[in-house]
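Make a model of this:
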Amino acid sequence: MKRIKFTESQIVKAIKEHENGKNVHDLCRELGISTAAFYKWRQRYGGMEVKELSKLKALEEENARLKK
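As a prediction, this is how the structure comes out:
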C-alpha cells in the first residue's frame, strides 16, 4: 500500500478546515486518509500555526541530534 506523505502545512490547513466547520468524514475522504489518522494529526498539531510548527520541527531535530 502506497503511503502518502503530507507536509506539516497541509496538515495544519486540514485541521483549520475542520475547526471552521467541515465534517471530519468528508475531509478525510478528500485527503484519502482514515479518521484515526486525522485525529492523530489533530492531537499533535491542533491549535498550531505554521510558524509554530516550524519551531517544533526544529526543536525535534535538535533533540534527535543531541541524543546521538
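
tell me the centre residue of this protein?
The centroid of the chain falls nearest to residue 11 when counting by C-alpha atoms, centre = their mean (3.4 Å).

which ones are touching that one?
Contact analysis of residue 11 by C-beta atoms under 8 Å, 6 or more residues apart in numbering lists 41, 45. C-beta: built from backbone N, CA, C; applies to glycine.

phi, psi of it?
Per-residue torsions, residue 11: phi -70, psi -50 (degrees, to the nearest 10).

residues of stretch 38-55 that come out buried?
38, 41-42, 45, 48, 53 (16 or more other C-beta atoms under 10 Å).

any chance of these in JSON lines, plus distance to residue 66, pLDDT and secondary structure?
Shown next, in JSON lines, are the buried residues of stretch 38-55 (distance: C-beta to C-beta, whole Å; pLDDT from 0 to 100; DSSP: H, G, I helix; E, B strand; the rest coil):
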{"residue": "38", "distance to residue 66": "32", "pLDDT": "95", "secondary structure": "helix"}
{"residue": "41", "distance to residue 66": "26", "pLDDT": "92", "secondary structure": "helix"}
{"residue": "42", "distance to residue 66": "29", "pLDDT": "93", "secondary structure": "helix"}
{"residue": "45", "distance to residue 66": "23", "pLDDT": "87", "secondary structure": "helix"}
{"residue": "48", "distance to residue 66": "23", "pLDDT": "82", "secondary structure": "coil"}
{"residue": "53", "distance to residue 66": "20", "pLDDT": "83", "secondary structure": "helix"}
